[in-house]
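# predicted model, plus sequence, below.
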Amino acid sequence: EVQLLESGGGLVQPGGSLRLSCAASGFTFSSYAMNWVRQAPGEGLEWVSAISGRGDSTYYADSVKGRFTISRDNSKNTLYLQMNSLRAEDTAVYYCAKEVDAEVGATSFKYWGQGTLVTVSS
Amino acid sequence: DIQMTQSPSSLSASVGDRVTIICRASQSISSYLNWYQQKPGKAPKLLIYAASSLQSGVPSRFSGSGSGTDFTLTISSLQPEDFATYYCQQSYRTPPYTFGQGTKLEIK
């Protein structure tokens, strides 16, 4: 059974940093691209970032480019999102989601984690 | 970037009704269009992928159609468990994978 479990969320001050993790199980982690998607309170879904199965291709939404870094450790079956220079508008539930192939693109998200809440506030 | 526009943003309907939600892309995305259902406090659930392919385990009352820029999600006969928010998502080529703004389906 595919399982994705996010952790690392919490309360952080504006300008601060946080690292989210997504522990994966039930599939060959290195064979699938992975994504982060967020949802601000009461708002819609916003795609944040994607990384290929090997970790050699990464993509970012303009809203986080230069501040967030996606990475993965295939030996630990774990996806990460390093978030720096956090802003109030980054407050959201962050989900990790699995693609259907190792390469990013032309995909759908059948499997999602339960989400972890990040709150940016002083 | 490709923009996705959903309509309506909210919809009131009754059990048994037939409902259609529209999603339009700002440029052609071929059939790289997915539909998700989300209930409060839960992660989204994939309903339809590649515009018209029903995800395994999803009831057949859900269907999707379209290609290019215009897409529809149809629920043929609403059930009580279908009241939720629905999102379209384009995945044409490489990211950004844009979502529509969502359609909240409420009980009339």
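Looks like it arrived, so ask away.

# what's opposite the residue most central in space within chain A in the beta bridge?
Chain A has A:W36 as the residue nearest its centroid, 2.8 Å off, counting by C-alpha atoms, centre = their mean. Taking DSSP bridges as the rule, A:W36 bridges to A:S49, A:C96.

# contacting residues around the residue minimising distance to the centre of chain B?
Centroid-nearest residue in chain B, with C-alpha atoms, centre = their mean: B:W35, separated by 3.7 Å. Neighbour list for B:W35: B:23, B:46-48, B:62, B:64, B:73, B:86-89 [criterion: C-beta atoms under 8 Å, 6 or more residues apart in numbering or on different chains]. Bear in mind the C-beta positions are built from the backbone N, C-alpha and C, glycine included.

# strands paired with the host helix or strand of it, and their directions?
Taking DSSP states H and E as the definition, B:W35 sits inside strand B:33-38. With DSSP bridges as the test, strand B:33-38 is paired with strand B:45-49 (antiparallel), strand B:85-90 (antiparallel).

# show residues contacting the shortest one.
Outside of strand B:45-49, the residues within contact range by C-beta under 8 Å, 6+ apart are A:108-110, B:34-38, B:54-55, B:58, B:62-64, B:73, B:86.

# hmm, which of these are the buried ones?
A:108-110, B:34-38, B:55, B:58, B:62-64, B:73, B:86 (16 or more other C-beta atoms under 10 Å in any protein chain shown).

# now, which of those sits nearest A:S17?
Using C-beta to C-beta, A:F109 is the member of the buried ones among the contacts of strand B:45-49 that sits closest to A:S17, with 26.4 Å.

# the closest residue to that closest one other than its chain neighbours: neighbouring residues, count only.
Nearest residue to A:F109, sequence neighbours excluded (C-beta to C-beta, 6 or more residues apart in numbering or on different chains): A:A97, at 3.9 Å. A:A97 has 26 neighbours, counted by other C-beta atoms under 10 Å in any protein chain shown.

# test my guess that A:A97 contacts A:V37.
Yes - with contact defined as C-beta atoms under 8 Å, A:A97 and A:V37 form a contacting pair (5.6 Å).

# shared neighbours, those two?
Jointly contacting A:A97 and A:V37 under the rule C-beta under 8 Å, 6+ apart are A:109, A:112.

# does the residue nearest to the centre of chain B have beta-bridge partners, and which?
B:W35 has these beta-bridge partners by DSSP bridges: B:I48, B:C88.

# and it, what's its pLDDT?
The per-residue pLDDT reported for B:W35 equals 98.

# ok, it to A:G66 distance?
Distance, B:W35 to A:G66, by C-beta to C-beta, to the nearest Å: 32 Å.
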